[in-house]
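> Sequence isn't available, so here's the structure alone:
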């Protein structure tokens, strides 16, 4: 009997051992995940509450009220999903934990604002109670998995609470070894809590996400050398701006982002630090396929990210709202789509359900390649696009960025001035509209070299600026300063004479500036007479 018992037990254990990781993972999934396959990690979830004390939130000067300083500052609620190993203390969460995660009393007002926004903006009012009690695929109090993982920051759409609109994708990424963080979108004050469409609203959202990054990057499970950003709708604009001014970002994804909507080009261009030539992060745009792309889309700005690896994906039979987790909730609870169905006649609850899962897979593929260095990610992306409804992928390789001012100094020192001018000419041929030599930036490099008494290098970079801007009086004047500092007065006089020659035709100068500069340059020239 004992041998029979041991044999039976061995069969049972063997059966469990033969269960593949995929089968085990699928059994643990919640209804909201559809056919998505979990990664090797369980998903932990926590909410971090911090105040950004560099910015105020509460109104300090109310009508007929005395000044009352805001000593806390702007409240930032950070939702974090992370790879975890659940133990006996871990508790599986329900959707209601995303809607109202609790927290310190100082954040009660913020949490109430977010909860009310959820109720008002949700498309499942009649099923609200059922949705709230539905389990999600994340655990509270779950110990983090060993190791450091790439960080993916998410920017939501207009007035999004972010947490509930991205939770499926966030859980999915976390199960595959990513830390995912997001913040709700807030207006400027506690009396004006809703987000608008102005450049200041976009800038405020970027600053909130950057503050969250400054908090999250110190967590022991975060690899701060591997950072990606993704955003939906207006959040796509914020994701791009964050990447443009934070060179540590390696990958950016836009999900049906409004930067591509015709007429919205200025929304992004008016933001501080918008500079397409500074975009270095790999870029992926995923959006619904329109009936007439030429009339409603304009992605020329994104195609102009010449120094970024760019991929553009379109999927048929999806609407703008199908790039949120709502697509999975709607399918699970058989919710009607209402008037939005008219925007795309081929779209149904089922196509939204399939489309959103395709988007989740593509986001994982892209981040795996660009953040984890997984070479199979690119091939998996092509495969997942091909499997999507009418999926199309177009790719544009990144060009090598031109040298910076400091790098041009090194090139001139090592290979000569002609090598530098040849580079300038080549880039101008290949990218006619691109500024290869930034006159102000390169000029600053030259004056710094003068201050360091590296006169020959200063002269070299100032000569390059004159080569790039032969009609600039300021460029010639700066070159003269470099020659004067080096004690080469004869060459300084030549440069000043060139400045005097081009001043009348320099379109960058006003008439008043031209008159002033003529006198200034002549005075400098007189002082250099032998």
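Happy to help now that I have it. All figures in this text were calculated on a predicted structure; none of them were measured in a lab. Numbering: from 1, shown residues only.

> is it fair to say residue 197 lies in a strand?
No. Counting by DSSP: H, G, I helix; E, B strand; the rest coil, residue 197 is located in no strand; its state is coil.

> quick one: contacts for it?
Residues counted as contacts of residue 197 (CB atoms under 8 Å, 6 or more residues apart in numbering) are 158, 234, 267. C-beta here means a position set from N, CA and C on the backbone, and glycine is covered the same way.

> same deal with residue 467?
If you count contacts by CB under 8 Å, 6+ apart, then residue 467 has 421, 424 around it.

> Isn't residue 509 up against residue 503?
Yes. Taking contacts as CB atoms under 8 Å, residue 509 lies within contact range of residue 503: 6.8 Å.

> what's the overlap in contacts for the two?
In contact with both residue 509 and residue 503: 473, 517, using CB under 8 Å, 6+ apart.

> quick revisit: by neighbours, which of the contacts of residue 197 wins?
Among the contacts of residue 197, residue 234 has the most neighbours (other CB atoms under 10 Å), with 27 neighbours.

> so what pLDDT did it get?
Listed pLDDT for residue 234 reads 91.

> Could you do residue 332 as well?
Residue 332 is assigned 88 on the pLDDT scale.

> In space, what's closest to it - neighbours in sequence excluded?
residue 31 (4.8 Å; CB to CB, 6 or more residues apart in numbering).

> How many residues are close by that neighbour?
Other residues close to residue 31 by other CB under 10 Å number 14.

> related to what we said a few turns ago, looking at residue 509 and residue 503, which is more packed in?
More neighbours surround residue 503 than the other of residue 509 and residue 503, with 23 against 19 (other CB under 10 Å).

> wait, is that one part of a strand?
No. Applying three-state DSSP, one finds residue 503 to be helix, outside a strand.

> For the stretch 201-350 of the chain, give me the ranges with low pLDDT.
291-295, 336-343 (pLDDT under 70).

> What is the longest helix seen in the chain packed up against?
Counting by DSSP state H, the longest helix found in the chain is helix 349-372. Contacts defined by 3 or more CB pairs under 8 Å, 6 or more residues apart in numbering; DSSP states H and E place helix 349-372 against strand 149-155, helix 163-175, strand 222-232, strand 249-255, strand 282-288, strand 310-315, helix 326-332, helix 376-387.

> now these as a markdown table including distance to residue 182 and mean neighbour count?
Output for these, formatted as a markdown table (distance: least, CB to CB, whole Å; neighbours: other CB atoms under 10 Å):
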| stretch | distance to residue 182 | mean neighbour count |
| --- | --- | --- |
| strand 149-155 | 4 | 27 |
| helix 163-175 | 6 | 27 |
| strand 222-232 | 10 | 23 |
| strand 249-255 | 13 | 26 |
| strand 282-288 | 18 | 24 |
| strand 310-315 | 22 | 22 |
| helix 326-332 | 15 | 22 |
| helix 376-387 | 23 | 16 |
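
> closest one to residue 77 among those?
helix 163-175 (8.5 Å; CB to CB).

> Quick one: list the elements packing against the closest one.
Using 3+ CB pairs under 8 Å, 6+ apart, helix 163-175 sits against strand 42-52, strand 74-84, helix 95-99, strand 135-140, strand 149-155, strand 179-182, helix 349-372.

> how far away is residue 227 from residue 44?
Distance from residue 227 to residue 44, counting by CB to CB, to the nearest Å: 20 Å.

> For stretch 81-101, buried residues please.
The neighbour-count check on stretch 81-101 (16 or more other CB atoms under 10 Å) flags 81-84, 86, 90, 92-99, 101 as buried.

> Identify, from these, the entry nearest to residue 485.
Nearest to residue 485 among the buried residues of stretch 81-101, with distances taken as CB to CB, is residue 82, at 54.9 Å.

> quick one: contacts for residue 102?
Residue 102 neighbours (CB under 8 Å, 6+ apart): 47, 111.

> So it belongs to a helix, correct?
No. Under three-state DSSP, residue 102 falls outside any helix and is assigned coil.

> Which positions in whatever helix or strand residue 514 lives in come out as buried?
Using DSSP states H and E, residue 514 sits in helix 511-527. For helix 511-527, the neighbour count (16+ other CB under 10 Å) marks 517-518, 521, 524-525 as buried.

> and which of those residues is nearest to residue 145?
Distances from residue 145 to those, taken by CB to CB, are shortest for residue 517, at 63.9 Å.

> Show the model's pLDDT score for residue 141.
What the model reports as pLDDT for residue 141 is 87.

> how close does the closest residue to residue 288 other than its chain neighbours get to residue 131?
Spatial nearest neighbour of residue 288, chain neighbours left out: residue 318 (4.1 Å); criterion: CB to CB, 6+ apart. Computed with CB to CB, the distance linking residue 318 and residue 131 is 22 Å.

> Check this protein and tell me which residue is nearest its centre.
Nearest residue to the geometric centre of the chain (CA atoms, centre = their mean): residue 239, 2.7 Å.

> That one: what's it in contact with?
153, 155, 229-231, 252-254, 257.

> Of these, which is the nearest to residue 110?
residue 155 (18.0 Å).

> Show me the domain layout of this protein.
Domain assignment for the chain by automatic domain parsing gives 12-396, 405-527.

> any idea which of those domains is most buried?
domain 12-396 (a mean of 19; mean count of other CB atoms under 10 Å).

> ok now that domain, how far from the chain's centre?
Centre-to-centre, domain 12-396 and its host chain are 11 Å apart (CA atoms, centre = their mean, to the nearest Å).

> And the contacts of residue 239, which is closest to residue 166?
Distances from residue 166 to these, taken by CB to CB, are shortest for residue 230, at 8.7 Å.

> any idea how far residue 167 is from the nearest residue to residue 364 once chain neighbours are set aside?
With sequence-adjacent residues excluded and distances taken as CB to CB, 6+ apart, residue 364 is closest to residue 176, at 5.8 Å. Counting by CB to CB, the gap from residue 176 to residue 167 is 15 Å.

> and what of residue 411?
Distance from residue 411 to residue 167, counting by CB to CB: 50 Å.

> what's the answer for residue 58, then?
For residue 58, the distance to residue 167 - CB to CB - is 29 Å.

> ok, back up a step: could I get the helices and strands packed on helix 163-175 in TSV, plus columns for distance to residue 493?
Listed next are the helices and strands packed on helix 163-175 as TSV, based on distance: least, CB to CB, whole Å:
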stretch	distance to residue 493
strand 42-52	55
strand 74-84	57
helix 95-99	72
strand 135-140	73
strand 149-155	55
strand 179-182	60
helix 349-372	53
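
> All set, thanks.
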